[in-house]
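K.L.:
next input, structure requested:
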Amino acid sequence: MQDNTGYIALRNVLKGGFPRCPSRSAPDKAQMPSLISRAVFLLVLALATPAVAVAANKAPDGVPTAAAAGPDAPPEAATSANQKSLVQARKWMVSSANPLASEAGRQVLREGGSAVDAAISMQMVLALVEPQSSGLGGGAFIVSYDAKRRRVTTIDGRETAPAAVTPQLFMVDGKPLGFADAVNSGLAVGVPGVLRALELAHQRHGRLPWARLLQTAIRLAEEGFAVSPRLHAQIKGNRHLAAHAAARDYFYPQGQPVAVGDVLKNPALAEVLRRLADEGVSAFYSGDIARDMVQAVSAHVRPGALSVQDLAEYRAIEREPVCSRYRQYQLCGMGPPSSGPIAVMQILGMLQQHDIASMQPGSREAVHFFSEAARLAFADRERYVADPAFVRVPVQAMLDGRYLAWRGALIDARQSMGVAQAGDPLGMQKQRGEGGAIDQPSTTHLVAIDAQGNAVSMTSTIESEFGSKIFVRGFLLNNQLTDFSVLPTDAQGRPVANRVEPRKRPRSAMSPLIVLKDDKPYLLLGSPGGSSIILYVAKTLIGALDWQLDIQQAIALPNMGSRNRDTELEQGSGLESLQQALRQSGHRVTIAPSPSGVHAIMIKPDGLLGGADPRREGVALGD
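P.N.:
Here you go, the predicted model:
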């Protein structure tokens, strides 16, 4: 494929008078325009995305791009979507992926708990009722706003690689292990971080006693809960879960998947939760619970390296948020090892010169410009973002307004660029190889705001659907290490930033965000969905901030975008009619459903507005 991107950028600069290519020096913050411009439109619908065909293009230097690596593995099973209405409240509000979890969070707020308290209670219930997506054996990112201090903080509860891993973790005889074999194995299990993250958040922002926040989950685990259509469909559709005896006994009683409406009890998880309530989180990271996790991982047919010492030494990290101005708003989210907020901000920053707000939602023009900006952002993400304790991540340079204007000028209004190449914001391109990790969409997102104006946006995950499938004491262990690049170096021998290394945190696309207006929370949002999280969150921002839709309407907008592969259009939406026009513009188009699960709260002077993705089972509740 001919590389004419430089010509396109030059032509567009001459036509539009955009800024010159940025220098290699560190960017001056004062010169950074609002990075989050209007942009981001559609993406991919709800509940289950089949494997996406990907372009077989190569970058001009002959290095296979992530787009050439192969299709994403099948995500969560599809379930039916349900139309939902905007929810309004005046005092407080929560929104999560399951009604039982949302009710638990609302009750905590009614008892005087903080937003963080509500988030903890909701996450504990989700560990029981939505085990395919998150749980005690996974990780999380927490973004919170402290109303008294008027400050946003973030907590990194991402899983870490065990100390004994090597960069060749997923290599066998010099070749990459098959993705399904890697996922469904002990090799993929990282040190869980969600409980340490929740513990730290409670220490910083909690109000009610820790033990109180686990009581609803304990009661539901002991008394049982009704299996939802989504959980049933995912158990029934998963080909690997029943291969593990402990998981089979729980999810397939009498050899059949639990049916919709069946009352499912989990006494083993109830016992663990009681220990956590009585003894604190350290009961999980040491002693018999820790030994049982290590034994289960080491006993797998493909054993992993998780050790008791790895668990004992795990710590959640409080990090500075990544923030960016966009019009009268400031967006704040999780920084590296998450790539999500950076990519969202890049997409919007590149699009502001193209005025996507004036484009008709659902038009070829809007889909084209958004998909092209997304390709560019995903190319940078793949090249530069990883655990900042191991590699230098040029966050400031990647979000510099001059750099984004130059990158955005590469977008041709008439023709798709196909597979985008990474930019070079700090002269680092030749030092970094391009890897190929596949982010799976089995994740969950929740939001909460309390009566004092404290707010939380939290995304948690066990990675793939039902994680590694290793079931210990009533909870599943993650397969988060498959978020690393399988190959430690690229074809030229350059080290990949997101390669496997001991104690390293794999790159993530999770994008919990808090949008501020006049230094107060205005919008809380995030989503599950693997690497498509970036697209889902960006779409919702554009719908709410630029197109002035209410938050439920913004969430329900048809999904679309590109992860530097095909241009993906939501199956069953009006976007399907754009296929021919997009293909005539050089797009390779895939039509597919996709498990977006945006949960959000908008804060207005006259009250709170909550939304939940119609593609999932969640609800917003408030008083």
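K.L.:
ok, now which ones touch the residue nearest the centre of the chain?
P.N.:
For the chain, Met510 is the residue whose C-alpha lies nearest the centre (CA atoms, centre = their mean; 2.3 Å). By CB atoms under 8 Å, 6 or more residues apart in numbering, Met510 lies in contact with 141, 334, 338, 340, 443, 459, 461, 526, 533. Using the backbone N, CA and C atoms, a C-beta is placed for each residue, glycine as well.
K.L.:
nearest to Asp292 among those residues?
P.N.:
Asp292 lies nearest to Thr461 out of the contacts of Met510, by CB to CB, at 21.7 Å.
K.L.:
quick check: chain neighbours aside, which residue is closest to the closest one?
P.N.:
Thr443 (3.8 Å; CB to CB, 6 or more residues apart in numbering).
K.L.:
pLDDT weak spots in the stretch 401-550 of the chain?
P.N.:
Within the stretch 401-550 of the chain, the stretches with pLDDT under 70 are 428-442.
K.L.:
hmm, 50 instead?
P.N.:
Along the stretch 401-550 of the chain, the model assigns pLDDT under 50 to residues 432.
K.L.:
which parts of it are strands?
P.N.:
Here the stretch 401-550 of the chain has its strands, by DSSP state E, counting those that start in this stretch, at 442-449, 455-463, 471-472, 475-476, 513-517, 520-526.
K.L.:
those into a markdown table, with extra columns for distance to Gly408 and mean neighbour count?
P.N.:
Shown next, in a markdown table, are those (distance: least, CB to CB, whole Å; neighbours: other CB atoms under 10 Å):
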| stretch | distance to Gly408 | mean neighbour count |
| --- | --- | --- |
| strand 442-449 | 28 | 32 |
| strand 455-463 | 27 | 32 |
| strand 471-472 | 47 | 22 |
| strand 475-476 | 41 | 28 |
| strand 513-517 | 21 | 23 |
| strand 520-526 | 24 | 25 |
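K.L.:
of those strands, which is nearest Ser573?
P.N.:
Nearest of the strands of the stretch 401-550 of the chain to Ser573, taken as CB to CB: strand 520-526 at 20.5 Å.
K.L.:
report the inter-axis angle for the closest one versus strand 455-463.
P.N.:
20 degrees (axes from the mean of the first three to the mean of the last three CA atoms, to 10 degrees).
K.L.:
could you list every helix and strand in contact with strand 520-526?
P.N.:
When contacts are defined as 3 or more CB pairs under 8 Å, 6 or more residues apart in numbering; DSSP states H and E, strand 520-526 packs onto strand 442-449, strand 455-463, strand 513-517, helix 533-541, strand 599-604.
K.L.:
re earlier: pipe the contacts of Met510 into CSV and attach distance to Leu220 per row.
P.N.:
Compiled in CSV, the contacts of Met510 are given as follows (distance: CB to CB, whole Å):
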residue, distance to Leu220
Phe141, 25
Met334, 29
Ser338, 30
Gly340, 30
Thr443, 21
Thr459, 22
Thr461, 21
Gly526, 24
Ile533, 27
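K.L.:
tell me the one of those residues nearest Gly261?
P.N.:
The nearest member of those to Gly261, counting by CB to CB, is Thr443 at 25.6 Å.
K.L.:
re the thing from before, quick one: closest of the strands of the stretch 401-550 of the chain to Leu578.
P.N.:
strand 520-526 (25.8 Å).
K.L.:
that older thread, quick one: closest of the strands of the stretch 401-550 of the chain to Asn266.
P.N.:
strand 475-476 (8.5 Å).
K.L.:
confirm Gly142 sits in a helix?
P.N.:
To be clear, residue 142 is Ile; Gly isn't right here. No. Ile142 is assigned strand when assessed by DSSP: H, G, I helix; E, B strand; the rest coil, not a helix.
K.L.:
give me phi/psi at His202?
P.N.:
Backbone torsions for His202, taken as degrees, to the nearest 10, come to phi -70, psi -40.
K.L.:
residues contacting it?
P.N.:
Contact analysis of His202 by CB under 8 Å, 6+ apart lists 116-117, 120, 210, 213.
K.L.:
give me the pLDDT for it.
P.N.:
At His202, the model reports a pLDDT of 98.
K.L.:
same question for Leu14.
P.N.:
Note for Leu14: predicted pLDDT of 34.
K.L.:
try the one 10 residues further on
P.N.:
Among the per-residue scores, Arg24 holds a pLDDT of 32.
K.L.:
now for the contacts of His202: which two are most distant?
P.N.:
The widest separation within those, taken as CB to CB, falls between Val116 and Trp210 and amounts to 11.0 Å.
K.L.:
so these two - more neighbours on which side?
P.N.:
A count of neighbours by other CB atoms under 10 Å puts Val116 above the other of Val116 and Trp210, at 30 against 18.
K.L.:
what segments of the stretch 151-300 of the chain are helices?
P.N.:
Applying DSSP state H, counting those that start in this stretch to the stretch 151-300 of the chain gives helices spanning 179-183, 194-205, 215-223, 229-237, 245-251, 267-279, 282-285, 287-298.
K.L.:
and those helices: which comes nearest Pro614?
P.N.:
helix 229-237 (12.5 Å).
K.L.:
now do the buried residues in the closest one.
P.N.:
230-237 (16 or more other CB atoms under 10 Å).
K.L.:
would you format the residues you listed as JSON lines with pLDDT and distance to Ala243 included?
P.N.:
Formatted as JSON lines, the buried residues of helix 229-237 follow (pLDDT from 0 to 100; distance: CB to CB, whole Å):
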{"residue": "Arg230", "pLDDT": "95", "distance to Ala243": "22"}
{"residue": "Leu231", "pLDDT": "97", "distance to Ala243": "19"}
{"residue": "His232", "pLDDT": "97", "distance to Ala243": "19"}
{"residue": "Ala233", "pLDDT": "96", "distance to Ala243": "19"}
{"residue": "Gln234", "pLDDT": "96", "distance to Ala243": "15"}
{"residue": "Ile235", "pLDDT": "97", "distance to Ala243": "13"}
{"residue": "Lys236", "pLDDT": "96", "distance to Ala243": "15"}
{"residue": "Gly237", "pLDDT": "94", "distance to Ala243": "14"}
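K.L.:
could I get those as JSON lines with distance to Ala413?
P.N.:
JSON lines is the format used below for the buried residues of helix 229-237 (distance: CB to CB, whole Å):
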{"residue": "Arg230", "distance to Ala413": "40"}
{"residue": "Leu231", "distance to Ala413": "45"}
{"residue": "His232", "distance to Ala413": "46"}
{"residue": "Ala233", "distance to Ala413": "41"}
{"residue": "Gln234", "distance to Ala413": "41"}
{"residue": "Ile235", "distance to Ala413": "47"}
{"residue": "Lys236", "distance to Ala413": "46"}
{"residue": "Gly237", "distance to Ala413": "41"}
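K.L.:
and the helices of the stretch 151-300 of the chain, which is most packed in?
P.N.:
Stretch with highest mean neighbour count among the helices of the stretch 151-300 of the chain: helix 194-205 (a mean of 23; mean count of other CB atoms under 10 Å).
K.L.:
where is the longest helix in this protein?
P.N.:
The single longest helix within the chain, with elements called by DSSP state H, is helix 364-384.
K.L.:
can you name the next helix or strand after that one?
P.N.:
Following helix 364-384 in sequence order, the next helix or strand is helix 395-398 (DSSP states H and E).
K.L.:
got the CA coordinates for that next one in CSV?
P.N.:
Extracted C-alpha coordinates of helix 395-398, given in CSV (Å, rounded to 0.1, in the frame of the first residue of the first chain):
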residue,chain,number,x,y,z
VAL,A,395,1.8,11.1,27.9
GLN,A,396,2.2,14.9,27.7
ALA,A,397,3.6,14.7,24.2
MET,A,398,0.9,12.4,23.0
